[in-house]
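Colleague: 3D, please:
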Amino acid sequence: MEKQNVPELFGSLVFNDKVMRARLSSDVYASLRETIDKNVKLDESVADAVAEEMKNWAIENGATHFTHWFQPLTGVTAEKHDSFISPSPDSGVLMEFSGKELIKGEPDASSFPSGGLRATFEARGYTAWDPTSYAFIKDHTLCIPTAFCSYSGEALDKKTPLLRSMQAINKQALRILKLFGTEANYVRTSVGPEQEYFLVDKEVFDKRPDLIYTGRTLFGAMPPKGQEMDDHYFGVIKPRVSEFMEDLNKELWKLGILAKTEHNEVAPAQHELAPIYSTTNVATDSNQLMMEIMKKVASRHGMVCLLHEKPFAGVNGSGKHNNWSIGTDTGINLLSPGKTPYENAQFLLFLSAVIQAVDDYQDLLRLSVATAGNDHRLGANEAPPAIISIFLGDELSAILDAIRNDKPYEGTEDVVMKLGVHSLPRFSRDTTDRNRTSPFAFTGNKFEFRSLGSSNSIACCNIMLNAAVAESLKQYADELEKADDFEAALHELIKRVITEHQRILFDGNGYGEEWVKEATEVRGLSNLKTTADAMPHLLDEKNKKMLIEHKVFTESELNSRCEIMLENYVKTVNIEGLTMVNMVRKNYLPAIERYLYRLSQTTVLMKQVSEKVKCKYEVSTMERLSELTDSIMDSVTDLEDALAKFKTLENVFKSSAFVRDELLPKMDTLRKYVDEAEMLTSQRDWPFPSYGQLLFSVN
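Modeller: Presented below is the predicted three-dimensional model:
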C-alpha cells in the first residue's frame, strides 16, 4: 500500500497562506492579509500581482483553466471555465491571467433562480472574488471562490448574505468586548458540520428510477432486518467502504479540507464524516466541495453516495449537525464557560445572546433548514423535532436558575468514573449529558444545531444564526453603553434575558407528545412542521426588519428567497409525484399483473390434477393482490388528478399549501398499497431492487 505523507499532501492544491507568503512580495502579501483579516478594501495593483502568482502556481500544478466558483440558489455550486490562453504575435499562445479576471467574472444571471429579481432578458450578473476563502485546483482548473450578484447589485447566492451576517456579528460583538476590556481586532463565527450520507452499489442504484430522479426511494417495503440491532453504528467499516473513505480523505486533504472523524452511522449503509472547525464561510465552501467529492469518489469505487435527508423510509435519515461557535482573533472562544462559568460574566452574556436569539427568531432557524427532503426526516430516528428549543445541560441550567432566582450557585463536584477494573483509568464525568432529541444543544464550548439536512448548504442556517445573535448583542450594547454602573446593569440584563426567554430552554425528551403540547399550548413555541408552514415566515415584519437593519438582506432579496425556496419545495414534490405515477403505470401494475397471471395459471393446473387441492396460498394471494391493484389504480388516478390541478396554480404560496395538503398525502397512500403488494409478489416478478438489496448492497 502506498504510504501517505499527510502533512505534505494537505493543502497541496490550495493557494493558501503558506503559498502566498512564499510567492508574493512582502508588500503584496501584507496588503492581502489586511483585506483577509480586517476587511480592508483590496488594492487593484495587489490583485494584479496576486493573479500573476496564482496563475503561475496553478499552471505548475497542472491547471489549464480558471473559474469563478460560486453558490447560486440552486443548492449546488456553479462554475464557468476559461483557459489561461491568449493569442501571441507568432501564432502561438500566451498563458495570462489578470487582476481584473481574478476580481470579477460575468456569468449569465437569468438562468439561475432569482425569485423575480431578474428576467430572462436581464441576463448580466457578476461574480466577485472572496479573498477570505482560498483558491484551489479541482480537475485541472483553478477555482476562485466568489460571491454572485445581479447587474443591479442584489445577491443571487448564498455566500454574499453569509459574509454580511459575519460582518454584522463581528460589529456587535466587538462593541460588547470593548465594554469588558477584552482586546480583539475582529470576531468570527466558526463551524464544524458533521456530514451524514448513505453508500449504495451503483448497479443496484441504476435500477431504481426513484433514486435516479429524486434521490430517495418513493416505494419500498422494509427488509426483515433494519437498524434495530444497533450493530452498524460504530461497527467495523467494511473493506469497500474503508477504501472509499481512504480515497475520500486523500482528495479532501489535498484541498485543505480538515476531514477528521469517520464512522458507520446508525442505519445500514449509512456513514458520517466530520471535519475540524473553520471560519464559517470557509467551512461552507469546504462542505460544498466535500459533498461533490463524496459523489465523485463513490463513483470511482462502483458506488453512489446518497445525500438526501431520507433516502429510505423506516431507518434513520441523514442530517448535517452544524456545530457553531464564536471567537476572537486573539484566541478567545466566547462560548467557552471555563472552570467557573458562574463567575464568567462575559461568557454568560454571550450565552444569553444566543438564548434570546433562538427564542426571538425560532421561526428563522426552522425555515433555514426547511426543504422537501428534510420534512421527511425531522421528528424521529434521532432527528430533532420541528419545534426549536435549547438544551443546556445540568450545570448551565443550574447556574441560570440561580441567577434568575437571585440565589447563590453552589456548584457541582467532579464525579470520578470508576469502572471496577483496576487496569482501566479513572476519569471525570462531564457536567452535562447529551440530548439527541434537542434541535439546539450546548456541547461544551459550542452549540450544535442538529436540524440541518444532509444535502443543504450550511450557509442558510448560519446566516440566520449570525444575524439573530448580532441583534441580541446590539440590544445589549445599546443598553450597557449607557449604563452608569456597568456591573449592576450587566447582572440585571443577564437576569432579565434568561427570565424572559426561559420558555426556549428544554432538557427533556423532544419526541414526546407531552412536549409538543407543552411547547405549543403552554410555552407558546412555534411548531412549523413543513416547508410550506415555515417558509412564509421569512417575510414576517419582525424578521424582515432585523435582517434588513443588519444589512444581511435587502427587502427584494428576502422576497425573492422566499419565492425560490417555496418553488424548490413544490418542484421537488411534483417531480416525485410524476415519478411515482410513471413507476406504477409502467412497472408496478404490469409486474403484479404478470404474477397474478402465473398464479391463476398455476391454480387452474393444480385444480385439474385434483379437486381436493385447495390452493389456499394462490387464492388468498390473488384475492388480496386483486384488491391492492384496484386500490393502486384508484390512488394513482387520484394522484394524477392532483398533479394536473397543481399545474393550474400560479401563486407559489397556494402551490406549496396544495403540495402539503393534497399531493403528499396522496403519495403516501399510493406508496402504502404498493409496498404491501411488494410483500405478496414474488421477487422474480418484482421490477426493482428491494430495500434489502439497497441497504446491504455494499460489502
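Colleague: in this structure, which helix has the most residues?
Modeller: Longest helix in the chain by number of residues (criterion: DSSP state H): helix 616-647.
Colleague: next SSE after that helix?
Modeller: As assigned by DSSP states H and E, the chain's next helix or strand after helix 616-647 is helix 652-658.
Colleague: I figured residue 505 was touching residue 392, is that so?
Modeller: Yes. Contact between residue 505 and residue 392 holds when scored by CB atoms under 8 Å: they sit 6.1 Å apart. The C-beta positions use only the backbone N, C-alpha and C, and glycine is treated the same way.
Colleague: before we move on, the earlier item: roughly how far is the longest helix of the chain from the heart of the chain?
Modeller: Put simply, helix 616-647 sits 36 Å off its chain's centre (CA atoms, centre = their mean, to the nearest Å).
Colleague: for that helix, packing partners?
Modeller: Helix 616-647 is packed against helix 555-583, helix 589-609, helix 652-658, helix 664-680, with contacts defined by 3 or more CB pairs under 8 Å, 6 or more residues apart in numbering; DSSP states H and E.
Colleague: what touches both of residue 505 and residue 392?
Modeller: Counting by CB atoms under 8 Å, 6 or more residues apart in numbering, the shared contacts of residue 505 and residue 392 are residue 400.
Colleague: what about these two, which has more around it?
Modeller: A side-by-side neighbour count of residue 505 and residue 392, using other CB atoms under 10 Å, places residue 392 first with 22 against 19.
Colleague: Need the helices and strands packed on helix 616-647 in TSV (columns: mean neighbour count and mean pLDDT).
Modeller: Listed next are those as TSV, based on neighbours: other CB atoms under 10 Å; pLDDT from 0 to 100:
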stretch	mean neighbour count	mean pLDDT
helix 555-583	20	96
helix 589-609	15	94
helix 652-658	19	96
helix 664-680	18	97
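Colleague: May I see those helices arranged in CSV, with distance to residue 642 as well?
Modeller: Conversion of those to CSV gives the following (distance: least, CB to CB, whole Å):
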stretch, distance to residue 642
helix 555-583, 8
helix 589-609, 19
helix 652-658, 8
helix 664-680, 5
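Colleague: ok, and for the longest helix of the chain, which residues are buried?
Modeller: When burial is assessed from 16 or more other CB atoms under 10 Å, helix 616-647 yields the following buried residues: 618, 621-622, 625, 628-629, 631-632, 635-636, 639-640, 642-643, 646.
Colleague: and which of those residues is nearest residue 553?
Modeller: Top of the list for closeness to residue 553, among those and by CB to CB, is residue 646 at 29.4 Å.
Colleague: still on that earlier bit, orientation of the longest helix of the chain relative to helix 589-609 in degrees?
Modeller: Angular relation of helix 616-647 and helix 589-609 on a 0 to 180 degree scale: 160 degrees, by axes from the mean of the first three to the mean of the last three CA atoms, to 10 degrees.
Colleague: Low-confidence stretches in the stretch 51-200 of the chain?
Modeller: Within the stretch 51-200 of the chain, the set of residues satisfying pLDDT under 70 comprises 108-110, 115-123.
Colleague: now the helices: where do they sit in it?
Modeller: Secondary structure of the stretch 51-200 of the chain, counting by DSSP state H, counting those that start in this stretch: helices at 99-103, 159-180.
Colleague: Tell me which residue lies nearest the centroid of this protein.
Modeller: residue 456 (3.4 Å; CA atoms, centre = their mean).
Colleague: Thought residue 374 was touching that one, still the case?
Modeller: Yes. Applying CB under 8 Å, one finds residue 456 in contact with residue 374, separated by 7.1 Å.
Colleague: tell me the secondary structure for residue 683?
Modeller: Per DSSP: H, G, I helix; E, B strand; the rest coil, the local secondary structure of residue 683 is coil.
Colleague: residues contacting the closest residue to it other than its chain neighbours?
Modeller: Nearest in space to residue 683, with sequence neighbours left out and distances taken as CB to CB, 6 or more residues apart in numbering, is residue 690 at 7.4 Å. Taking CB under 8 Å, 6+ apart as the definition of contact, the neighbours of residue 690 are 220, 221, 223, 678, 683.
Colleague: Please identify, among those residues, the one with the most neighbours.
Modeller: Highest neighbour count within the contacts of residue 690, by other CB under 10 Å: residue 220, with 25 neighbours.
Colleague: For the residue nearest to residue 383 when sequence neighbours are not counted, the count of nearby residues, please.
Modeller: In space, residue 383 comes closest to residue 377 once its chain neighbours are excluded; the distance is 4.8 Å by CB to CB, 6+ apart. Neighbour count for residue 377, taken as other CB under 10 Å: 23.
Colleague: just checking, residue 377 touches residue 317?
Modeller: Yes. Residue 377 lies in contact with residue 317 (CB under 8 Å); the separation is 3.5 Å.
Colleague: Show me the longest strand that occurs in the chain.
Modeller: strand 187-201 (DSSP state E).
Colleague: Centre of the chain to it, how far?
Modeller: On the basis of CA atoms, centre = their mean, strand 187-201 is displaced by 7 Å from the centre of the chain it belongs to.
Colleague: List the neighbouring strands of it plus their orientation.
Modeller: Neighbouring strands of strand 187-201 in its sheet, by DSSP bridges, are strand 270-275 (antiparallel), strand 278-279 (antiparallel), strand 303-306 (antiparallel), strand 320-328 (antiparallel).
Colleague: Now do it against helix 159-180, angle only.
Modeller: Computed by the same axes, to 10 degrees, the angle between strand 187-201 and helix 159-180 is 140 degrees.
Colleague: between the helices and strands packed on helix 616-647, which one is nearest to residue 483?
Modeller: Comparing these by their distance to residue 483 (CB to CB), the top pick is helix 555-583, with 33.9 Å.
Colleague: relative to helix 616-647, how tilted is that closest one?
Modeller: Regarding helix 555-583 and helix 616-647, their directions subtend 150 degrees when assessed with the same axes, to 10 degrees.
Colleague: name the helices or strands packed onto helix 555-583?
Modeller: Based on contacts counted as 3+ CB pairs under 8 Å, 6+ apart, the elements that helix 555-583 packs against are helix 209-214, helix 372-377, helix 531-534, helix 541-549, helix 616-647, helix 652-658, helix 664-680.
Colleague: between these, which one is nearest to residue 133?
Modeller: Of all these, it is helix 541-549 that lies closest to residue 133, at 22.8 Å by CB to CB.
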